[in-house]
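Q: with the input below, show me the fold.
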Amino acid sequence: MEGSIVFVNTSLIVVICVNRSLHEPMYMFLCSLFVNELYGSTGLFPFLLLQILSDVHTVSAPLCFLQIFCLYTYGHVEFCNLAVMSYDRYLAVCYPLHYRSHMTDNKVVIFIVVIWLYSFVKFTITLCLTLRLTWFPLLPIFYSYMKILKVCFSGSRQMRRKAVSTCAPHLASLLNFSFGCLFEILQSRFNMNSVPSMLRIFLSLYFLTCQPVFNPLMYGLTLSKISLTCKKLLCADM
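A: Got it, this is the predicted structure:
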């Protein structure tokens, strides 16, 4: 599974980086998302493999805190990235003529830097001082999609079709990640002993396995620019 995650995410990162036609805000945010999938998977699999291959089934306190830090920062970067992508789609659908003036290259860089810095600084403070800070990325996600729905219902059929095609992959990614978070919350809050062990294992791994594999495959198949670039690269290698 780790090999699949590394391969699909790295492949799409390379595709986006080498193709200048993909150097647009949406694809830069996708690149940040794929980098986070690689980062998040490192929070589970190295420790898991170490325990499977050795007879040691305990984790030291420093490694435990490091793993917790990786998992929580991965989740927060994911939500922040999805929130910024929601705002990006909101601008693209609701203000298409002014999109490039609102979402400039400098703003894209600032957004990506803030996504990562905010997530790491926030959880560093939380981990050190046990502070509870507001989980604000949900607000721009809801706001952006309320505005997009408003435009869809008031616009033409062509506008609705364009909005659906540009937002569907992001919504699918958001729902998939939300399901993973929900499974984690359910397992931490309720007694799951009555649930079959294989299902418990699947739900435990869902958070850090399904999202990193699901995102690159979905975006790679549904976004025509990425899929065409992948085909060109494969044909060139052959």
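Q: from here on, contacts and neighbour counts on C-alpha atoms
A: Noted.
Q: where does this structure have low pLDDT?
A: 1-2, 44-53, 55-57, 59, 127-134, 136-137, 234, 236-238 (pLDDT under 70).
Q: show me where it has its helices.
A: Secondary structure of the chain (DSSP state H): helices at 2-18, 25-41, 45-53, 61-94, 99-102, 105-129, 138-154, 157-189, 197-222, 224-237.
Q: mind listing what's buried in the fourth one?
A: Read it as helix 61-94. Buried residues in helix 61-94, counted by 16 or more other CA atoms under 10 Å: 67-94.
Q: what of stretch 224-238?
A: Buried-residue list, stretch 224-238, by 16+ other CA under 10 Å: 225-227, 229-230.
Q: next one: it to chain centre, how far?
A: Computed by CA atoms, centre = their mean, to the nearest Å, the separation of stretch 224-238 from the middle of its chain amounts to 23 Å.
Q: contact partners of it?
A: 12, 15-16, 19, 22, 219-221 (CA atoms under 8 Å, 6 or more residues apart in numbering).
Q: for the residue nearest to C17 when sequence neighbours are not counted, grab phi and psi.
A: Excluding the flanking residues, the one nearest C17 by CA to CA, 6 or more residues apart in numbering is H23, at 7.3 Å. The phi/psi pair for H23 (degrees, to the nearest 10) reads phi -80, psi 60.
Q: all further residue positions should be reported with the first residue as 643.
A: Right, with 643 as the first residue, what we last looked at is H665.
Q: what's around H665, how many residues?
A: Neighbours of H665 under the rule other CA atoms under 10 Å: 14.
Q: I'd assumed V656 was in contact with it.
A: No. H665 is beyond contact range of V656, at 11.8 Å (criterion: CA atoms under 8 Å).
Q: just give me the neighbour total for G797.
A: Using other CA under 10 Å, G797 has 12 neighbouring residues.
Q: kindly provide the distance from it to Y741.
A: Distance, G797 to Y741, by CA to CA, to the nearest Å: 18 Å.
Q: got it, and Y732?
A: According to CA to CA, Y732 stands 9 Å off from Y741.
Q: ok, now P854?
A: 29 Å.
Q: more crowded one of the two?
A: More neighbours surround P854 than the other of P854 and Y741, with 28 against 16 (other CA under 10 Å).
Q: now the more buried one: closest residue in space, sequence neighbours ignored.
A: E679 (4.8 Å).
Q: what lies in contact with stretch 821-831?
A: Defining contact as CA under 8 Å, 6+ apart, one finds that stretch 821-831 is touched by 845-846, 848-849, 853.
Q: of those residues, closest to K749?
A: Using CA to CA, Q853 is the member of these that lies nearest K749, at 26.4 Å.
Q: which ones are touching that closest one?
A: Q853 neighbours (CA under 8 Å, 6+ apart): 679, 815, 818-819, 822.
Q: from Q800, how far out is it?
A: Q853 sits 31 Å away from Q800, going by CA to CA.
Q: over to C823?
A: 35 Å.
Q: who has more neighbours out of the two?
A: Neighbour totals were compared for C823 and Q800, and C823 leads with 16 against 10 (other CA under 10 Å).
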